[in-house]
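# Okay, here's the prediction I keep looking at, along with the sequence it came from:
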Amino acid sequence: MLSGKAALVTGSTSGIGLGIARTLAADGADILLNGFGDPALIDELLAEFKSEYRVKAAYSPADMSKPPDVAAMVAQAARELGGVDILVNNAGIQHVAPVEDFPIDKWDAVIAINLSAAFHAIRAALPHMKARNWGRIINTASTHGLVASANKAAYVAAKHGVVGFTKVVALEVAELGIRANAICPGFVLTPLVQKQIDERAVREKISVETARTELLREKQPSLEFATPEQIGAAALFLCSQAAAQIRGIALPVDGGWTAQ
Ligand code: NAD
């Protein structure tokens, strides 16, 4: 389905983004990876994409908190992969603290990376998509784009912003062959969530195993983590012709979290 399409996935050196990039590449899309990480690991990933999926693979070290970096990353995708057909805004960070103790620099970083980067990337990518009248924009929001949790002020604000922004973009391109949607994962066991589990284990003086179970019991009725592969499958579905009339949605993949 995606053979010959160029996909840019931000924050794809780890976790959900890597899961999405692998799923799109397995379907034939050329990939521009982005995110931080050990250069040796990134070289391994590039080699994996080229040999396993037989697609073009490139890497951008762009820092999503820096608007000029975001624009340069989109330009690189157009230059090295021949276009920007699929844009997955996925890079994200978390910081957990009550509002009155929330460090101002953490607030600014979460809003910049989790929300503003999607604006800068979509702004730069849309002309490329419009040139071919074909585009798929997928924003990794979160259940926290739909409901809140205490102590996650910046993250919840950013993710609600992403859901709203996705709707605006979907409406602006509604008559074109370009679609914008958001995916709202519940807990996925990635480094971002493992950090919260480890902090909880220390805070509550419990084992990491117990902290993991408690985290799920508190929010995710299935008591199972969603997987990066499942989020990738949702992204692939949103790219498909079957999803042609799905526009501006926020799709939960959350084990029932937001059904409560
Ligand atoms: P992760 O920590 O495994 O991956 C985050 C990725 O973003 C990494 O590749 C990292 O290098 C990259 N990144 C971080 N800061 C960056 C920056 N300034 N510039 C460029 N890249 C940067 O986390 P994850 O859990 O895979 O999270 C991916 C997305 O999914 C995030 O937007 C997160 O909010 C969202 N999400 C995660 C969960 C979950 O349970 N893990 C649930 C809902 C939503």
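Done, it's in.

# In a helix, residue 157, correct?
Yes - judged by DSSP: H, G, I helix; E, B strand; the rest coil, residue 157 forms part of a helix.

# Please list all residues in contact with it.
Listed by Cβ atoms under 8 Å, 6 or more residues apart in numbering, the contact set of residue 157 reads 111, 115. Placement of C-beta: from N, CA and C, glycine included.

# and the stretch 101-250 of the chain, which residues reach the ligand?
Applying Cβ under 6 Å from any ligand atom, one finds that the stretch 101-250 of the chain approaches the ligand through 113, 114, 140, 142, 185, 187, 188, 190, 191, 192, 193.

# Any idea which of those the model trusts least?
Lowest pLDDT within these is found at residue 192 (91).

# What score does the residue lying farthest from the centre of the chain have for pLDDT?
Using Cα atoms, centre = their mean, the residue of the chain lying farthest from its centre is residue 205. It sits 32.0 Å away. According to the prediction, residue 205 has pLDDT 97.

# Ramachandran angles for it?
In terms of degrees, to the nearest 10, the main-chain angles of residue 205 are phi 50, psi 50.

# What's the separation between it and residue 217?
18 Å (Cβ to Cβ, to the nearest Å).

# Which strand or helix spans the closest residue to residue 120 other than its chain neighbours?
In space, and not counting its chain neighbours, residue 120 is closest to residue 70: 4.0 Å by Cβ to Cβ, 6 or more residues apart in numbering. In the assignment (DSSP states H and E), residue 70 maps to helix 67-81.

# Please report the number of neighbouring residues for the residue in the stretch 51-200 of the chain that the ligand sits nearest to.
Proximity of the stretch 51-200 of the chain to the ligand (Cβ to the nearest ligand atom) peaks at residue 92, 2.2 Å away. By the measure other Cβ atoms under 10 Å, the count of residues near residue 92 is 25.

# Report the contact partners of it.
Residues near residue 92 by Cβ under 8 Å, 6+ apart: 11, 113, 114, 140, 142, 158, 192.

# one more time with 6 Å
By Cβ atoms under 6 Å, 6 or more residues apart in numbering, residue 92 lies in contact with residue 114.

# can you check the one 4 residues further on too?
In this structure, residue 96 makes contact with residue 151, judged by Cβ under 6 Å, 6+ apart.

# quick one: low-confidence ranges for the stretch 101-250 of the chain?
Within the stretch 101-250 of the chain, not a single segment meets pLDDT under 70.

# Can you show me the helices along the stretch 151-260 of the chain?
Ranges of helices within the stretch 151-260 of the chain are 153-172, 191-204, 208-219, 228-239, based on DSSP state H, counting those that start in this stretch.

# If you count neighbours, what's buried in the second one?
Meaning helix 191-204. Residues of helix 191-204 classed as buried: 192, 193, 196, 197, 200, 201 (neighbour count, 16 or more other Cβ atoms under 10 Å).
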